[in-house]
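Visitor: I'd like to go over a predicted model; first the sequence, then the structure.
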Amino acid sequence: MALMANTEPARVVPLNLAQRQCGLRNTTLLWQVLPDKKYQGQIPALIKEMEETDPQMKGALYYLAGIERKKHALAFKQLYPEEQINLIDAMNRLRAAVSLFPNRITYIDFDPVPNKTE
């Protein structure tokens with residue numbers, strides 16, 4: 001049997017933010033069913049690095065995950081399981097949003113503050 005080349009034009013379906021978030025959530029659930037040990041420990045390591053290099057980013061993630069401020073200093077493994085899940089979901093939400101960022105992020109849309117003396 002001869003294989004034929006696909007001659008149809010490529011089909012791309014743009015996804016909005018909610019669809020991207022839902023897709024990443026579903027992928028996370030699938031990876032939970034089919035775990036791969038080589039990826040274990042990456043999230044705790046990332047959180048630890050954030051704490052050392054960019055604590056505001058770590059705080060922003062914890063805030064996005066709905067984790068109360070008094071727990072923002074805790075490491076990933078010190079959080080309750082539901083908080084860890086919320087943090088992973090927050091990372092997926094952020095990942096979906098970042099995928100929609102413009103390719104070139106500049107100050108082109110920045111409007112300077114008007115002169116107060118005018």
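Guide: That came through, no problem. Keep in mind that what you see is a predicted model, and the values were worked out from it rather than measured.
Visitor: give the rounded mean pLDDT of stretch 19-33.
Guide: Average pLDDT, stretch 19-33: 91.
Visitor: pLDDT-wise, which helix or strand of this protein ranks last?
Guide: Across the helices and strands of the chain, mean pLDDT, DSSP states H and E gives its lowest value to helix 17-33, namely a mean of 91.
Visitor: can you list the buried residues in it?
Guide: Neighbour-count burial for helix 17-33, counted by 16 or more other Cβ atoms under 10 Å, picks out 20-21, 24. (C-beta placed from N, C-alpha, C; glycine too.)
Visitor: now do the contacts for the residue at minimal distance from the centre of the chain.
Guide: For the chain, the residue sitting closest to the mean C-alpha position, by Cα atoms, centre = their mean, is Arg95 at 2.6 Å. Contacts for Arg95 (Cβ atoms under 8 Å, 6 or more residues apart in numbering) come out as Leu24.
Visitor: what strand or helix carries it?
Guide: Secondary-structure element containing Arg95, defined by DSSP states H and E: helix 81-98.
Visitor: that older thread, any idea how far Arg25 is from the residue nearest to the centre of the chain?
Guide: Arg95 sits 11 Å away from Arg25 when distances are taken as Cβ to Cβ, to the nearest Å.
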